[in-house]
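Student: Build me a model from this:
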Amino acid sequence: MAMHRKIRRLLVVGAHGDDETLGAGGTIARLADEGVVVSLCVLTNDDGSRSATGSGVVNRTASIELAAKTLGVERVRVHEFGDNRLDTVGNLELNRVVEREVREFEPDTVFTTSMCDLSTDHALVSRAARVAGRPGKGSVRELRTFEIRSATDVGEASGLPVVFRPNCWERLDETHIERKVEALRAYGKELEPWPAPRSERGVRALAEYRGSQVSACLAEAFEIVRIVY
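Tutor: Below is the predicted model:
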């Protein structure tokens, strides 16, 4: 008999605002509709890497909160580390931040970025989430990673030694994809014109591709790191 774990409390951990939406926005929206309590933890709150001089840096907290509301996220915590500067923060400090989120929210499931991503921030956050959700240290029974176009796929194309290998697919319908796109709009310039992977058409193309792998119209793919039934 096939087993199925019902998610009740989901913590989504991302390095940047938009990671959660690009990687798992449709699934977050669907789970929230189904009554799952969702909390979002974002480690950085600016777009500082977009400016070589550091001038004109935009605080993204309001955009993160708007996107989260669109997806049905009930709890949002935005920390103040710098964009693309997580490698200047000690591992212990990052681990403690995510561990505190796990301790306070008590999730049974954690979604986070992949260690396969070209982005160093994504890999560091993925590692911190794994540390916080390690066996015997809290409430986490399932930990999975999601893919982010222009980070996960580029990491594989750049020859990184690890690749994203999905082993879990979440079926979605049109309303979930529409909410995913609407949430991305909260981030303004992060939603780019086609053929950019972060365009509305690019978001849909990935959902259709992942869906086609499991005979579904639309889906998001995940890699389960650990699951305890």
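
Student: Please identify the helix or strand for Glu93.
Tutor: Using DSSP states H and E, Glu93 sits within helix 91-105.

Student: Quick one: distance of that helix to the chain centre.
Tutor: With CA atoms, centre = their mean, to the nearest Å as the basis, helix 91-105 stands 16 Å off its chain's centre.

Student: and that helix, what does it pack onto?
Tutor: strand 9-14, strand 37-44, strand 75-81, helix 120-132 (3 or more CB pairs under 8 Å, 6 or more residues apart in numbering; DSSP states H and E). (Each C-beta comes from the backbone N, C-alpha and C, glycine too.)

Student: quick one: average confidence on it?
Tutor: The average pLDDT within helix 91-105 is 97.

Student: Restricting to C-alpha, output it in PDB.
Tutor: Taking Å, rounded to 0.1, in the frame of the first residue of the first chain, the C-alpha atoms of helix 91-105 are listed here in PDB:
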ATOM      1  CA  ASN A  91      27.900  29.300   8.900                       C
ATOM      2  CA  LEU A  92      27.100  29.200  12.600                       C
ATOM      3  CA  GLU A  93      25.100  32.500  12.400                       C
ATOM      4  CA  LEU A  94      23.100  31.300   9.300                       C
ATOM      5  CA  ASN A  95      22.400  28.000  11.000                       C
ATOM      6  CA  ARG A  96      21.200  29.700  14.200                       C
ATOM      7  CA  VAL A  97      18.800  31.900  12.300                       C
ATOM      8  CA  VAL A  98      17.100  29.000  10.500                       C
ATOM      9  CA  GLU A  99      17.200  26.800  13.600                       C
ATOM     10  CA  ARG A 100      15.400  29.600  15.500                       C
ATOM     11  CA  GLU A 101      12.700  29.600  12.700                       C
ATOM     12  CA  VAL A 102      12.300  25.900  13.100                       C
ATOM     13  CA  ARG A 103      12.100  26.100  16.900                       C
ATOM     14  CA  GLU A 104       9.500  28.900  16.900                       C
ATOM     15  CA  PHE A 105       7.300  27.700  14.100                       C
END
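
Student: mind listing what whichever helix or strand comes after that helix pairs with, with the direction of each?
Tutor: For helix 91-105, the following helix or strand on the C-terminal side (DSSP H and E) is strand 109-112. Using DSSP bridges, strand 109-112 pairs in its sheet with strand 9-14 (parallel), strand 142-146 (parallel).

Student: Mean pLDDT, mean neighbour count and distance to Ser126 for those strands - can I get that in a markdown table?
Tutor: Shown next, in a markdown table, are those (pLDDT from 0 to 100; neighbours: other CB atoms under 10 Å; distance: least, CB to CB, whole Å):
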| stretch | mean pLDDT | mean neighbour count | distance to Ser126 |
| --- | --- | --- | --- |
| strand 9-14 | 98 | 26 | 8 |
| strand 142-146 | 98 | 25 | 6 |
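
Student: now these as JSON lines including distance to Val37?
Tutor: Formatted as JSON lines, these follow (distance: least, CB to CB, whole Å):
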{"stretch": "strand 9-14", "distance to Val37": "5"}
{"stretch": "strand 142-146", "distance to Val37": "15"}
